[in-house]
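Asker: coords below, sequence missing:
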């Protein structure tokens, strides 16, 4: 597919003083700094390479694709949680629900925020 011969590559690396260890990866994922994920399904080759005095290198051969980050699901907020927050913070159930949604369902954080808003 890529004209890639692992044996030839290993021989050349050995001549350069680099030890190669085949990883036999099935799937490789790399999380990028912008939240996207690079995925290589069934790589043609995957190797860990070590050279004296240098950090290890990983060599992957395959076609990458980029996945967008998944949208976080809104946590399920129970009616009991809404009523508890409303009672503890002294606010309406609507305000309590909104605070719970903003805090990702964290009851204590929602109460604290609502109390700070009132006081």
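Answerer: The structure has been received and is ready for your questions. Predicted model only: the values in this text are computed from it and were never measured.
Asker: what residues are up against residue 32?
Answerer: Shown in contact with residue 32 (C-beta atoms under 8 Å, 6 or more residues apart in numbering): 38, 66. From N, CA and C alone the C-beta is placed, and that goes for glycine too.
Asker: the nearest residue to residue 84 once chain neighbours are set aside: neighbouring residues, count only.
Answerer: Counting by C-beta to C-beta, 6 or more residues apart in numbering, the nearest residue to residue 84 once its immediate chain neighbours are dropped is residue 107, at 6.5 Å. Counted with other C-beta atoms under 10 Å, the neighbours of residue 107 add up to 18.
Asker: please report how far residue 107 lies from residue 95.
Answerer: Separation of residue 107 from residue 95 (C-beta to C-beta, to the nearest Å) stands at 14 Å.
Asker: ok, residue 88 next?
Answerer: Counting by C-beta to C-beta, the gap from residue 88 to residue 95 is 12 Å.
Asker: show me what contacts the most centrally placed residue in the chain?
Answerer: The centre of the chain sits closest to residue 31, judged by C-alpha atoms, centre = their mean, with a distance of 5.9 Å. Neighbour list for residue 31: residue 37 [criterion: C-beta under 8 Å, 6+ apart].
Asker: does residue 19 count as helix, strand or coil?
Answerer: With DSSP: H, G, I helix; E, B strand; the rest coil as the basis, residue 19 sits in strand.
Asker: check contacts around it.
Answerer: With contact taken as C-beta under 8 Å, 6+ apart, residue 19 is in contact with 13, 49, 50, 51.
Asker: what subset of those residues is buried?
Answerer: 13, 49 (16 or more other C-beta atoms under 10 Å).
Asker: great, nothing more from me.
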